[in-house]
Every structure is written in C-alpha cells, then in structure tokens.
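>>> turn this into a structure:
(one chain, ligands or ions: 2)
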Amino acid sequence: MTRVHIQDLGIRFGNHDVIKGLDLDVRSGEFLVLLGPSGCGKSTLLHTIAGLNPVSHGSIHIGEQDMTRAEPSQRGVGMVFQSYALYPTMTVKENLAFPLKMAKTPKAELEKRVAAAAEMLQLQPLLDRKPGQLSGGQRQRVAIGRAVVREAKVLLLDEPLSNLDAKLRTDLRRELKTLHARLGNTMIYVTHDQVEAMTLATRIVVMHQGVIQQIGTPAEVYDRPKNLRVAGFVGSPA
Ligand code: ADP
Ligand code: MG
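Ligands and ions are numbered 1, 2, ... in the order given. Sure thing, here's the model as predicted:
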C-alpha cells in the first residue's frame, strides 16, 4: 500500500516560488491526474516527488517513510518523461533490463521481469530492435516498460503521450488504464489535456501558478468547478 503524502510543500527557484504551500494526499492505488496550463508547476511537482529537485519547504512521505530528502533511487518510484529518454545504442530488451542491471537484480529475476513488462506493453516482437527502428508510440511503450520493470509502487508520468498523434494517444490511454488495473500501483500523471484527464483519472488535481485550485473526481471537477479558473480550464460551459 503506497500513499504519497505531501505537506506544505514549497519549491523555489531563485526568487520565484513555483510551488506554494501545497498539500496533497495521493491515495494508495489511485490514478491521480495533475492538470493545469503550461508553466503552472506540474513537472516541478512530479520531479520533486521523484527526488530530482531540492525541497525548499515542507515534506513528502512515500508509504510510511519521510522521503523529503531521500536520494531518487531510494524512493521506490518510477518515472516516465515526456520525451522518451531511451539509450539509442541498446536494444529494446537491453533498455528494459538496464534499471534492473543497475540494481544488480539476479539474472533469472531480471529475465522474468523483462518478459512480463514486454508482454504487458506488447513489446515482444520488438525486443531486438534499437530505438531508432521504432515508431514514436513504440518508443513511449518502451519508456513506460522501463518504469514498470522496476515494479515501482508509485509511477510518475509526465505528459507521456503529448508527442504522439491523436490515434496513438487514444490507444495508449486505453493501455495505461489496463496497465493500472493489472499493476494496482499508485499513478501520478501530469497533463495539460482535459480529455486525457477526464478519461484516465480517479481524481483530478487542477493547478494554477503553483497552487491547487480543486481536487475531485472528473465529474466533480467538470460539473461543479470551484472557481472561474477551474471552470475556464475544465468546467462545463454552463
Ligand atoms: P508545467 O510542467 O506545469 O508546464 P513547470 O513545472 O515545468 O510547469 O514550470 C513551472 C515554473 O517553474 C515555470 O515558470 C518554469 O520556468 C519554472 N522552472 C521549472 N524548472 C526550473 C528550474 N530548474 N529553474 C528555474 N525555474 C524553473
Ligand atoms: Mg511540464
């Protein structure tokens, strides 16, 4: 069971407060979507949970542990970035295996987990290819597979579908839902796309300039926006 509990979080770059007094309780096993316009601090928040930004104020607990200042590798989170950061000279299989190699996973266990991730993301026919021989959608599947293979209790995804065309986005959205149902892990998913948020989320967090405006189910946020900012961004045009 892995809940992510963020209390009074502040992130400051120079003299710019990008995240201000943010409280957020991500429930174990939920698919939480962070939604907001470009520049509102979504990536900053996600990177901070992953341990890639220093925390200026407040705390982050992952599971029962205080991870506010823990190293990224200690946090038990997997991260998928917007642009698939695959190793171009490695095959798909080597890319999938890489995080496990780094963690010195025994060979039999490594093979088993790579096979499971490849099956889940329909990558078996592509295992011997290099990233340059894959389509955008296939590459992003490998990037997701590489996060899945570590069996992270918390997956952080930063606009993973934004570089793909509309048809692929719809397909991969469906696959992500299935993946979440199978893994049962906690997902924190960043997007600025309202449709993506509505179709994927168990709950949506609407952000504006580093501050949470509303947290609720897709229906709540859509039908009963709390203020004009939320209404302008996601609400029904009532
Ligand atoms: P989003 O992902 O919602 O588009 P970001 O989290 O990337 O927004 O950025 C939020 C704000 O923080 C922007 O004003 C951006 O310029 C600033 N910012 C992000 N990362 C840094 C950094 N490493 N140094 C300075 N400013 C940053
Ligand atoms: Mg971003």
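
>>> would residue 101 count as being in a helix?
Yes. Secondary structure assignment (DSSP: H, G, I helix; E, B strand; the rest coil) places residue 101 inside a helix.

>>> run a quick neighbour tally on it.
Look at residue 101: counted by other C-beta atoms under 10 Å, it has 11 neighbours. In this view, the C-beta of every residue, glycine as well, is placed from N, C-alpha and C.

>>> likewise for residue 74?
With neighbours defined by other C-beta under 10 Å, the count for residue 74 comes to 12.

>>> can you tell me how far the spatially closest residue to residue 30 that is not a sequence neighbour is from ligand 1?
Nearest-residue entry for residue 30: residue 202, 4.6 Å, with adjacent residues in sequence omitted and distances by C-beta to C-beta, 6 or more residues apart in numbering. As for residue 202, its distance to ligand 1 is 21 Å (criterion: C-beta to the nearest ligand atom, to the nearest Å).

>>> surely residue 202 and residue 32 touch.
Yes. Judged on C-beta atoms under 8 Å, residue 202 makes contact with residue 32 at a distance of 6.9 Å.

>>> comparing the two, which shows the higher neighbour count?
When residue 202 and residue 32 are compared for neighbours, residue 32 comes out ahead with 21 against 14, by other C-beta under 10 Å.

>>> residue contacts, residue 89?
The contact partners of residue 89, taken as C-beta atoms under 8 Å, 6 or more residues apart in numbering, are residue 130.

>>> please disregard the earlier target; I meant residue 4.
Counting by C-beta under 8 Å, 6+ apart, residue 4 makes contact with 24-26, 49, 60-62, 154, 186, 188.

>>> now do the phi/psi pair for it.
Here is the backbone geometry of residue 4 (degrees, to the nearest 10): phi -120, psi 120.

>>> beta partners for the residue nearest the centre of the chain?
With distances taken as C-alpha atoms, centre = their mean, the residue of the chain nearest its centroid is residue 157 (1.9 Å). In this entry, residue 157 is beta-bridged to residue 80, residue 189, by DSSP bridges.

>>> so where does residue 138 fall, helix or strand?
For residue 138, the enclosing helix or strand under DSSP states H and E is helix 136-148.

>>> pLDDT (mean, whole number) over that helix?
Averaged over helix 136-148, pLDDT sits at 90.

>>> repeat that for stretch 216-227.
Predicted confidence along stretch 216-227 averages 94 (mean pLDDT).

>>> got it, and stretch 101-118?
Confidence for stretch 101-118, expressed as mean pLDDT, is 94.

>>> residues touching it, excluding its own?
Residues lying outside stretch 101-118 but in contact with it, judged by C-beta under 8 Å, 6+ apart, are 92-93, 96-97, 100, 123-124, 127, 145-146, 148-151.

>>> quick revisit: and the residue nearest to the centre of the chain, how far from residue 77?
11 Å (C-beta to C-beta, to the nearest Å).

>>> ok, longest helix in this structure?
Among all segments of the chain classified by DSSP state H, the helix with the greatest residue count is helix 166-183.

>>> that helix: which residues count as buried?
For helix 166-183, the neighbour count (16 or more other C-beta atoms under 10 Å) marks 168-169, 172-173, 175-176, 179-180, 183 as buried.

>>> turn those residues into TSV, including pLDDT and distance to ligand 1.
Shown next, in TSV, are the buried residues of helix 166-183 (pLDDT from 0 to 100; distance: C-beta to the nearest ligand atom, whole Å):
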residue	pLDDT	distance to ligand 1
168	84	22
169	88	18
172	87	20
173	91	19
175	87	23
176	91	19
179	89	23
180	93	22
183	88	24
